[in-house]
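**Student:** mind looking at a prediction? Sequence and model below.
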There are 2 protein chains.
Amino acid sequence: MPDTSRRADRLPGSRYGTRPTMKDVAARAGVGLKTVSRVVNGEPGVTPDTERRVQEAIDALGFRRNDSARVLRKGRTASIGLVLEDLADPFYGPLSRAVEEVARAHGALLINGSSAEDPEREQELALALCARRVDGLVVIPAGDDHRYLEPEIRAGVATVFVDRPAGKIDADVVLSDSYGGARDGVAHLIGHGHRRIGFIGDMPRIHTAAERLRGYRAAMEDAGISVEPAWTSLGVTDPERVRRAAEEMLSGPAPVTAIFAGNNRVTVTVIRVLAAFSRPVALVGFDDIELADLLHPGLTVVAQDAALLGRTAAERLFRQLDGTLLAPERIELPTRLVTRGSGELPPSQ
Amino acid sequence: MPDTSRRADRLPGSRYGTRPTMKDVAARAGVGLKTVSRVVNGEPGVTPDTERRVQEAIDALGFRRNDSARVLRKGRTASIGLVLEDLADPFYGPLSRAVEEVARAHGALLINGSSAEDPEREQELALALCARRVDGLVVIPAGDDHRYLEPEIRAGVATVFVDRPAGKIDADVVLSDSYGGARDGVAHLIGHGHRRIGFIGDMPRIHTAAERLRGYRAAMEDAGISVEPAWTSLGVTDPERVRRAAEEMLSGPAPVTAIFAGNNRVTVTVIRVLAAFSRPVALVGFDDIELADLLHPGLTVVAQDAALLGRTAAERLFRQLDGTLLAPERIELPTRLVTRGSGELPPSQ
DNA sequence: CTGAAAGCGCTTACAG
DNA sequence: CTGAAAGCGCTTACAG
């Protein structure tokens, strides 16, 4: 009983049919396989009459070229992968969309994957994408060791890291100036009279979190302020942890009078805490937030351009694929301080 | 001179190498191709010693199975496509992430594409995904005619529409109760004393916009209020158009005292207009918004669950692929009125 | 202008 | 337990 499963697929009423191939089209049009291929790909050297016959067969059969077979033969898949943390985060949506637009301009599709900030999952995803033979990979790293990608890069997979540098390998990276942005933001608070300033950030193993903390320390040191251990708190960004961190800094005999929030998730939670708090407390957040201007007071932020990060990275990826790119580079995009009120509040004690 | 391009690829210093294949691994391990395949796929029937030799060859050569070749032979690609409007919109990020999670649970990758609300681009994207032979397609339609998908569906591509129904074909659809949600929201405003209520929505060809307008009209009719033409405005959701629409409704001798905003983008712009407006105006928006509770007044919304829409659709897609699904169905998810202040303001005139 | 043969890198269906 | 042959649906490199 040969090949029953296949026959079952063809049963009328069965959901899954089999698709016509170029061979079917060729048979129906009474031409050779290569002629069909020429018509499908718009290659020259087919008489109008032959072309018409082939086209009719294509339409009658509902033929659509199987790009996965094509890819196998051609080498390039015209698809790229994007490994990010969480597509549901408002920072990554625009970034992903920007990567998609560049991919589209180069005729490539984009496969997205969320690592959920889990290094193992990042690796699993990135390697699955390589197994699909994506032409290139844009990675927002969760882990800090990317040696697992070395064989892939050697084999020709273009690779660009975004938002955070690669760990233990030399690769292109496009990121915002987290250090400088945080230093500016904290200096801004100091300029408005604050000295006891808190910093709440993401897990210290995340590069941006570490850099922003470094910027905070630099600004404090520039102003000759020595940082109390109680003023800094790094860890997961879930609301509970951040809320506790904020409440601790705001209590005690010498509470902070201002807070620098290390990213959009931290900022949102801190805003909620401060909204319910008795005294006014100044706040500057890293990352801009929708409706930030409509809060009371308006939210002062250190803004970075997520879409520009994505676009820059994707463009670099395709330049790698063009072969016009040489040594790995680090591209740092500037941040922008947007003052709206919360960062200009004076110290309340 | 045979195959020079290929040799160029192998040149030392060239970025693009060629990857080892199972054949290379077999040669190095001194075994047959099928034995390598067994080891790579964890199939039984290989002696520990043979397995070890194969594994050593795999590691030495840096072999990674080419899934696109595998896919060609197996039929299923273990990938699904998601065509949505814009990944940068906060409504679609969580939806996409939810689809991805379900895909992941089924061992599939997700290819995202943004239609930018352009029916042609939607079709181009959906068909490109079919050419890649995705196993299934989740589509948030931009257009209103999906007959172009009929051959694909017949050929076995599982298809589920989300947020808006398919046009001119019979297909699964998962959506929120736009009509009921809008009716509830408008009835809520009426319950707080409003009679001159404006409606600002998306383009009328978009199903959700039309349904929400219908809900608005139903609520007005239920209350015995006849709707003035000047009170409703449908069109593109760019800030300029929405701003003008709001300002017109709010001017003249009998301005509206409340506005129902048809989606998140409209709501955001209306909030900005009202923030700069002289009189208090009540507002209910369709779709929840981050920080809505921290505005003054808090924003009252008709909330829908984007992630649940995505999850429900994706689960249905995989049930189609399992073959456990029969006739196309329409699944409508309820909305939820969240009162926070802006919808409870009394009429100011 | 047209097409037959070989091959992309795997899996399938055998046979030993 | 192991492997040679055929084939998935295309493109490549030819030859006529």
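**Tutor:** Sure, I can see it.

**Student:** where in the stretch 1-150 of chain A is pLDDT low?
**Tutor:** Within the stretch 1-150 of chain A, the stretches with pLDDT under 70 are A:1-17.

**Student:** how about the residues of the stretch 201-349 of chain A near chain B?
**Tutor:** A:268, A:271-272, A:275, A:289-291, A:293-296, A:307, A:320, A:323 (C-beta under 8 Å from any C-beta of the partner chain). C-beta: built from backbone N, CA, C; applies to glycine.

**Student:** can you select the buried ones from those residues in PyMOL?
**Tutor:** Buried residues among these (16 or more other C-beta atoms under 10 Å in any protein chain shown), as a PyMOL selection:
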select buried, chain A and resi 268+271+272+289+291+294+295+307+320
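
**Student:** just send the residues of the stretch 201-349 of chain A next to chain B back as CSV, with distance to A:G93, secondary structure and pLDDT too.
**Tutor:** Converted to CSV, those look like this (distance: C-beta to C-beta, whole Å; DSSP: H, G, I helix; E, B strand; the rest coil; pLDDT from 0 to 100):
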residue, distance to A:G93, secondary structure, pLDDT
A:V268, 16, helix, 95
A:I271, 20, helix, 96
A:R272, 22, helix, 95
A:A275, 25, helix, 93
A:I289, 13, coil, 93
A:E290, 11, coil, 89
A:L291, 16, coil, 90
A:D293, 20, helix, 92
A:L294, 20, helix, 91
A:L295, 21, coil, 93
A:H296, 26, coil, 90
A:A307, 10, helix, 97
A:Q320, 25, helix, 91
A:G323, 31, coil, 81
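
**Student:** what is the nearest of the residues of the stretch 201-349 of chain A next to chain B to B:N41?
**Tutor:** Nearest to B:N41 among these: A:Q320, at 31.7 Å, using C-beta to C-beta.

**Student:** share the number of residues neighbouring the nearest residue to the closest one once chain neighbours are set aside, please.
**Tutor:** Nearest non-adjacent residue to A:Q320, counting by C-beta to C-beta, 6 or more residues apart in numbering or on different chains: A:A158, 3.8 Å away. Look at A:A158: counted by other C-beta atoms under 10 Å in any protein chain shown, it has 24 neighbours.

**Student:** thought A:A158 was touching A:G136?
**Tutor:** Yes. Counting by C-beta atoms under 8 Å, A:A158 does reach A:G136; the two are 3.4 Å apart.

**Student:** in chain A, which spans are strands?
**Tutor:** Along chain A, the stretches classed as strands by DSSP state E are A:79-84, A:109-114, A:136-139, A:158-162, A:172-176, A:197-201, A:232-234, A:258-261, A:282-286, A:300-303, A:330-333, A:336-338.

**Student:** neighbouring strands - and their directions - for the fifth one?
**Tutor:** Same thing as strand A:172-176. strand A:158-162 (parallel), strand A:330-333 (parallel) (DSSP bridges).

**Student:** the second one now?
**Tutor:** Note on strand A:109-114: by DSSP bridges, its sheet partners are strand A:79-84 (parallel), strand B:109-114 (antiparallel).

**Student:** residue of the stretch 151-300 of chain A closest to DNA strand C, please.
**Tutor:** Relative to DNA strand C, the nearest point of the stretch 151-300 of chain A is A:A155 (10.5 Å; C-beta to the nearest atom of the strand).

**Student:** I meant chain A, not that one.
**Tutor:** A:G32 (2.5 Å).

**Student:** which residues touch the residue nearest the centre of chain A?
**Tutor:** Taking C-alpha atoms, centre = their mean, the centroid of chain A lies closest to A:L84, which sits 4.4 Å from it. Neighbouring residues of A:L84 by C-beta atoms under 8 Å, 6 or more residues apart in numbering or on different chains: A:Y92, A:L95, A:S96, A:N112, A:G113, A:S114, A:S115, A:I140.

**Student:** do I have it right that the first one meets A:D86?
**Tutor:** Going back to what we said before, that points to A:Y92. Yes. Contact between A:Y92 and A:D86 holds when scored by C-beta under 8 Å: they sit 6.3 Å apart.

**Student:** neighbour count winner among these two?
**Tutor:** Set A:Y92 next to A:D86 and count neighbours by other C-beta under 10 Å: A:Y92 wins out with 25 against 19.

**Student:** next, the contact list for A:H194, please.
**Tutor:** Contacts for A:H194 (C-beta under 8 Å, 6+ apart) come out as A:T257, A:A258, A:A282, A:P347.

**Student:** B:R244: which of those residues is nearest?
**Tutor:** A:A282 (36.7 Å).

**Student:** so whatever residue of the stretch 201-349 of chain A ends up closest to DNA strand D versus B:G198, what's the distance?
**Tutor:** For the stretch 201-349 of chain A and DNA strand D, the shortest gap (C-beta to the nearest atom of the strand) falls at A:L321, measuring 16.2 Å. Per C-beta to C-beta, to the nearest Å, A:L321 is found 51 Å from B:G198.

**Student:** looking at the two, which one has more neighbours?
**Tutor:** Neighbour count, other C-beta under 10 Å: between A:L321 and B:G198, B:G198 has more, with 28 against 20.

**Student:** please identify the most buried of the strands paired with strand A:109-114.
**Tutor:** strand A:79-84 (a mean of 26; mean count of other C-beta atoms under 10 Å in any protein chain shown).

**Student:** got the CA coordinates for that one in PDB?
**Tutor:** Output of strand A:79-84 as PDB, limited to C-alpha atoms (Å, rounded to 0.1, in the frame of the first residue of the first chain):
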ATOM      1  CA  SER A  79      14.700  36.500   5.000                       C
ATOM      2  CA  ILE A  80      16.300  37.900   8.100                       C
ATOM      3  CA  GLY A  81      15.700  37.200  11.800                       C
ATOM      4  CA  LEU A  82      15.100  39.600  14.700                       C
ATOM      5  CA  VAL A  83      15.600  38.300  18.200                       C
ATOM      6  CA  LEU A  84      14.300  40.800  20.700                       C
END
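
**Student:** for burial, what's the neighbour tally of A:A303?
**Tutor:** 17.

**Student:** coming back round to it: show me what the residue nearest to the centre of chain A bridges to in the sheet.
**Tutor:** Beta-bridge partners of A:L84, counted by DSSP bridges, are A:S114.

**Student:** how about the strands of chain A in JSON lines, adding distance to A:A223?
**Tutor:** Shown next, in JSON lines, are those (distance: least, C-beta to C-beta, whole Å):
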{"stretch": "strand A:79-84", "distance to A:A223": "36"}
{"stretch": "strand A:109-114", "distance to A:A223": "39"}
{"stretch": "strand A:136-139", "distance to A:A223": "37"}
{"stretch": "strand A:158-162", "distance to A:A223": "32"}
{"stretch": "strand A:172-176", "distance to A:A223": "23"}
{"stretch": "strand A:197-201", "distance to A:A223": "10"}
{"stretch": "strand A:232-234", "distance to A:A223": "16"}
{"stretch": "strand A:258-261", "distance to A:A223": "13"}
{"stretch": "strand A:282-286", "distance to A:A223": "15"}
{"stretch": "strand A:300-303", "distance to A:A223": "17"}
{"stretch": "strand A:330-333", "distance to A:A223": "24"}
{"stretch": "strand A:336-338", "distance to A:A223": "16"}
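
**Student:** and those, which is most packed in?
**Tutor:** Ranked by average neighbour count under the criterion mean count of other C-beta under 10 Å, these are headed by strand A:258-261 at a mean of 30.

**Student:** which residues do A:A158 and A:G136 both contact?
**Tutor:** In contact with both A:A158 and A:G136: A:I80, A:L317, A:F318, A:Q320, A:L321, using C-beta under 8 Å, 6+ apart.

**Student:** of those residues, which is the nearest to B:D67?
**Tutor:** Closest to B:D67, out of all of those and judged by C-beta to C-beta, is A:I80, at 15.4 Å.

**Student:** ok, back up a step: using CSV, lay out the strands paired with strand A:172-176 together with mean pLDDT.
**Tutor:** Shown next, in CSV, are the strands paired with strand A:172-176 (pLDDT from 0 to 100):
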stretch, mean pLDDT
strand A:158-162, 96
strand A:330-333, 97
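
**Student:** cool, thanks, talk later.
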